[in-house]
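In: Okay, structure incoming, though there's no sequence with it:
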């Protein structure tokens, strides 16, 4: 009888130990996930490093909109670094523009889109930034 009781207690403690170990692993994973999330760079658009190559174009386009009320149809004469090419497009209504910058040496493309709509009843702004390898 004593032997059976000790066996039952031994298995009960082993199961509790296993469950405790599983809890520790889950808790450790949760803590690692929270720390990783806290250190994540979630500020995509306002990152100076990412939009730095497009700054001269963005500045020119925003100045043009302030003066003329819409974004320019075409851009010419803006110089970027030697290894960068850019493409500028607007929507038909002139409220949105897209800048695509391509690096010649590493085939990296960066695309920035900005839309601004102002009228009597509503005001809306949207930005998007995408980086991808071609």
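Out: Perfect, I can see it now. A quick note: this is a predicted structure, and the numbers were derived from the prediction, not measured. Numbering: from 1, shown residues only.

In: Which helix or strand contains residue 9?
Out: In this structure, residue 9 is located in helix 2-38 according to DSSP states H and E.

In: again, but for residue 132
Out: strand 123-133.

In: So which elements touch that strand?
Out: helix 48-51, strand 108-118 (3 or more CB pairs under 8 Å, 6 or more residues apart in numbering; DSSP states H and E). Quick note: C-beta positions are derived from backbone N, CA and C, even for glycine.

In: mean pLDDT lowest for which of those?
Out: Confidence, taken as mean pLDDT, is least for helix 48-51 of the helices and strands packed on strand 123-133 (a mean of 64).

In: which is the next helix or strand following the lowest-mean-pLDDT helix or strand in the chain?
Out: Lowest by mean pLDDT, DSSP states H and E among the helices and strands of the chain is helix 48-51, with a mean of 64. Remark: after helix 48-51, the chain's next helix or strand is helix 55-68, criterion DSSP H and E.

In: who touches that following helix?
Out: The set of residues external to helix 55-68 that reach it, using CB atoms under 8 Å, 6 or more residues apart in numbering, is 51, 71-72, 75, 78-80, 86, 88, 97, 99, 112, 114, 116.

In: That one to strand 108-118, inter-axis angle?
Out: Using axes from the mean of the first three to the mean of the last three CA atoms, to 10 degrees, the direction of helix 55-68 lies 20 degrees away from that of strand 108-118.
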